[in-house]
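Trainee: fold the following, please.
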Amino acid sequence: MSLKRSEVEKIAHLARLAMSKDELDAVTGDLSNILDLVAQMEEADTGGVEPMAHPLHMAQRLRADEVTEEDRREQFQAIAPLTEAGLYLVPRVIE
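Mentor: Coordinates of the predicted model:
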């Protein structure tokens, strides 16, 4: 699929991009090449390919779910200007 220069001008206008005539010609060619590549990739038969989340088959190494720090909320809230029921009170910023 090839794009026309007028289409790229419209896209640039909608995206609020200022482009010179030389840049428009270059971008028109680049975008046309990208769309041609996408069209070529869509033609590939992927019927027997299993979808995967990552290109490498690796197992996620997980650490043991253990508490490693003590609860110091009381200590931190003791120096806070305003707290209530374990929460920090801050000025309202959205009306």
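Trainee: strands of this protein, start to end?
Mentor: According to DSSP state E, the chain carries its strands in the segments 83-84, 87-88.
Trainee: could you check how far the residue lying farthest from the centre of the chain is from M19?
Mentor: For the chain, the largest distance from the centre (Cα atoms, centre = their mean) belongs to A78, which lies 38.8 Å off. Per Cβ to Cβ, to the nearest Å, A78 is found 58 Å from M19. Placement of C-beta: from N, CA and C, glycine included.
Trainee: repeat that for S32.
Mentor: In terms of Cβ to Cβ, S32 sits 15 Å off from M19.
Trainee: E74 too?
Mentor: Separation of E74 from M19 (Cβ to Cβ): 59 Å.
Trainee: so for the two, which residue has more residues nearby?
Mentor: M19 (17 against 9; other Cβ atoms under 10 Å).
Trainee: in space, what's closest to the more buried one - neighbours in sequence excluded?
Mentor: Leaving out its chain neighbours, the residue that sits closest to M19 by Cβ to Cβ, 6 or more residues apart in numbering is A12, at 5.1 Å.
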